[in-house]
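>>> After the sequence you'll find the predicted model.
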Amino acid sequence: MSNPVTNPANITVNASPQQPLSAPAAHVNSNISQNTQAFHNVLHRMLGAGEKVSDLIFSPGRPPQVELSGDLQGVPIPGLDRLTPPQIKAMADLMLHGNEQGLETLEKRGSADISYSVPGLCRFRVNIFRQRGTYAIVMRVIPTTPPNWQDLNLPRAVMNAAELKNGLVLVTGPTGSGKSTTLAAIIDLINSTKKYHVVTIEDPIEFIHEHKLGTIHQRELHSDTPDFASALRAALRQAPKVILVGEMRDRETIEVAMEAAETGHLVLSTLHTIDAAKTIDRIIGVFPKVEESAIRTRLAQSFRRIISQRLLPKNGGGRIAAIEILVSNSRTRDYIEKGEKEGRSITDAMNDGELEGMQTFDSVLEKFIREGLVKKEIAMSYATNANNLMLAISDLP
């Protein structure tokens with residue numbers, strides 16, 4: 001018998017408002033298997049909606065939806081034209097089956113992050129959350145192999161991070177801006193070119209890295225370690241050259257990450273900040289005011305790159321990444337340590353640091369406009385300083 005998950009012609013969906021997917025805790029293993037198969041059929045149909053599906057969304061009262069190039073699109077599936085709360089709850093139970101930590105987190109905190117794999121199809125980063133007294137699910141599609149940096153067309157200054165021996169490299173941006181993809185490309189380049197021991201701490205594990213020249217150990221929050229900070233402290237005793245921290249969420253994690261960078265490790269991490277200047281402010285702001293001077297000095301000495309990303313719609317369809325890059329040099333270190341003042345801005349330093357690989361969002365957006373890659377109106381809405389960008393392109397018709 002052919003596998004209905006991998007053969008779209010045989011897909012059948014055993015879910016309808018009258019017969020919702022059953023929660024596995026209340027049924028025997030055969031029923032769990034049957035409902036899991038039905039759920040996988042749904043996922044297969046949704047992924048078949050287009051080549052660039054980035055997210056799958058299950059929301060009460062809506063059909064299953066996918067995000068394609070930044071826009072939501074419903075996927076017609078018999079019996080699931082309007083998802084019901086019991087159907088979504090059953091899908092959540094299937095993915096959380098056997099995951100006591102995830103179930104407890106969902107119950108106590110109202111949301112849970114997990115990873116979910118469909119053999120022969122792909123992996124997902126999943127967030128299950130409560131809203132209006134019911135559940136909703138967002139599933140981020142994770143490619144089976146790490147991205148190749150050449151395919152991503154990333155700036156050379158980003159990939160040069162793979163050559164760094166120590167220090168802190170931060171990739172920042174809003175949710176869905178491609179931070180994890182950029183970091184995975186850097187890790188894969190290190191893995192392909194260096195005989196290094198690499199430890200990653202992720203929530204959850206996204207890209208699976210196979211051992212190449214390097215040796216990579218990937219730890220997942222809740223299943224392998226309770227939190228980022230304790231895993232990061234443990235990593236200092238695991239003799240890695242490179243440490244990836246999925247996100248610097250709190251003061252303790254930031255402090256240990258800087259300590260690791262100061263003691264000879266290359267530390268890669270992310271922050272949900274919109275640009276390089278705001279990233280610096282965010283890190284310094286986590287600490288008490290009395291420690292500001294010391295933290296500024298430590299950050300100035302330990303950082304190597306701050307890479308900020310924004311994804312915007314591209315002419316002709318799809319999306320393109322605008323990337324801002326702050327590189328450590330004597331001037332940028334001085335501005336971080338002593339603070340920005342009149343005539344001493346991080347943005348000015350990046351504008352003057354093109355030869356070292358630095359660039360600002362607005363300079364990249366100007367380039368996109370001149371090359372016809374992005375519409376002027378769209379670029380303006382993503383600009384850090386729309387007035388300055390307008391002046392820069394005032395020579396255009």
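Perfect, I can see it now.
>>> From residue 237, how far out is residue 127?
Distance, residue 127 to residue 237, by Cβ to Cβ, to the nearest Å: 32 Å. For the C-beta atoms, the positions are set from N, CA and C on the backbone; glycine is no exception.
>>> The two: which has the busier surroundings?
Each of residue 127 and residue 237 has its neighbours counted (other Cβ atoms under 10 Å); residue 127 has more, 17 against 7.
>>> For residue 100, give its distance to residue 130.
18 Å.
>>> Among those two, which residue is more densely surrounded?
The residue with more neighbours, out of residue 100 and residue 130, is residue 130; 14 against 9, by other Cβ under 10 Å.
>>> which non-adjacent residue is nearest that one?
residue 110 (4.6 Å; Cβ to Cβ, 6 or more residues apart in numbering).
>>> Can you tell me the number of residues neighbouring that neighbour?
12.
>>> List phi and psi for it.
phi 90, psi 0 (degrees, to the nearest 10).
>>> okay but it is in contact with residue 129, surely?
Yes. Between residue 110 and residue 129 there is a contact under Cβ atoms under 8 Å: 6.2 Å.
>>> same question for stretch 107-118, mean pLDDT?
Averaging pLDDT along stretch 107-118 gives 92.
>>> what residues does it touch?
Residues outside stretch 107-118 that contact it (Cβ atoms under 8 Å, 6 or more residues apart in numbering) are 5, 40, 43-44, 95-96, 99, 102-103, 105-106, 123-130, 139, 142, 203-206, 220-221.
>>> 6 Å instead, please
Under the contact criterion Cβ atoms under 6 Å, 6 or more residues apart in numbering, stretch 107-118 has outside partners 40, 43, 95, 102, 105-106, 123-130, 203-205.
>>> try stretch 153-170
149, 186, 189-190, 261, 264, 266-269, 271, 302-307, 325, 357.
>>> Below-threshold pLDDT in the stretch 51-200 of the chain: ranges please.
The model of the stretch 51-200 of the chain has no residue with pLDDT under 70.
>>> Can you get me a residue count around residue 230?
Residue 230 has 14 nearby residues by other Cβ under 10 Å.
>>> ditto for residue 101
Residue 101: 14 neighbours (other Cβ under 10 Å).
>>> For the nearest residue to residue 144 once chain neighbours are set aside, what are phi and psi?
Nearest non-adjacent residue to residue 144, counting by Cβ to Cβ, 6+ apart: residue 122, 5.9 Å away. Backbone torsions of residue 122, given as degrees, to the nearest 10, read phi -170, psi -180.
>>> same check, this time on residue 216
Dihedral pair for residue 216: phi -120, psi 130, per degrees, to the nearest 10.
>>> okay but it is in contact with residue 196, surely?
No. With contacts counted by Cβ atoms under 6 Å, residue 216 stays clear of residue 196, the gap being 8.9 Å.
>>> between those two, which one's more packed in?
residue 216 (21 against 16).
>>> OK, contacts around the more buried one?
Neighbour list for residue 216: 191, 198, 209 [criterion: Cβ under 6 Å, 6+ apart].
>>> where does the second one land in three-state SS?
Right, the one you point to is residue 198. Residue 198 falls in the strand class when you classify it by DSSP: H, G, I helix; E, B strand; the rest coil.
>>> Please enumerate the helices of the stretch 51-200 of the chain.
85-96, 100-109, 149-152, 156-159, 179-193 (DSSP state H, counting those that start in this stretch).
>>> Let me have the ones you listed in TSV, extended by distance to residue 297.
TSV is the format used below for the helices of the stretch 51-200 of the chain (distance: least, Cβ to Cβ, whole Å):
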stretch	distance to residue 297
helix 85-96	45
helix 100-109	36
helix 149-152	32
helix 156-159	24
helix 179-193	26
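>>> Which one, of those helices, ends up nearest to residue 71?
Smallest distance to residue 71 across these (Cβ to Cβ): 19.3 Å, for helix 179-193.
>>> Identify each buried residue in that closest one, please.
179-191 (16 or more other Cβ atoms under 10 Å).
>>> and the longest helix for the chain?
Scanning the chain for the helix with the most residues, using DSSP state H, yields helix 29-47.
>>> Against which helices or strands is it packed?
helix 85-96 (3 or more Cβ pairs under 6 Å, 6 or more residues apart in numbering; DSSP states H and E).
>>> then the helix it packs on to CSV, C-alphas only?
C-alpha atoms of helix 85-96 as CSV (Å, rounded to 0.1, in the frame of the first residue of the first chain):
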residue,chain,number,x,y,z
PRO,A,85,-11.7,24.2,19.0
PRO,A,86,-11.9,20.4,19.5
GLN,A,87,-10.2,19.7,16.2
ILE,A,88,-7.3,22.1,17.1
LYS,A,89,-7.1,20.8,20.6
ALA,A,90,-6.8,17.3,19.2
MET,A,91,-4.0,18.3,16.8
ALA,A,92,-2.2,19.9,19.8
ASP,A,93,-2.6,16.7,21.8
LEU,A,94,-1.2,14.6,19.0
MET,A,95,1.9,16.7,18.8
LEU,A,96,2.3,16.9,22.6
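>>> I'd say residue 322 and residue 366 touch.
No. Here residue 322 lies out of contact with residue 366, judged by Cβ under 6 Å, at a distance of 10.3 Å.
>>> Which residue ranges make up each domain of this protein?
Domains of the chain are assigned by automatic domain parsing as 8-142, 149-359.
>>> so which of these gets nearest residue 385?
Among the domains of the chain, domain 149-359 sits nearest to residue 385 (Cβ to Cβ), with 8.2 Å.
>>> distance of residue 231 from residue 237?
11 Å.
>>> Oh, that last question was meant for residue 368, not what I typed.
45 Å.
>>> repeat for residue 152
From residue 152 across to residue 237, the span is 33 Å (Cβ to Cβ).
>>> What's the local residue count around the nearest residue to residue 360 once chain neighbours are set aside?
For residue 360, ignoring the flanking residues on the chain, the nearest one in space by Cβ to Cβ, 6+ apart is residue 350 at 4.9 Å. As a burial measure, residue 350 scores 26 neighbours (other Cβ under 10 Å).
>>> same thing with the one 5 residues further on?
Burial of residue 355, expressed as a neighbour count using other Cβ under 10 Å, amounts to 6.
>>> Distance from stretch 169-188 to the middle of the chain?
6 Å (Cα atoms, centre = their mean, to the nearest Å).
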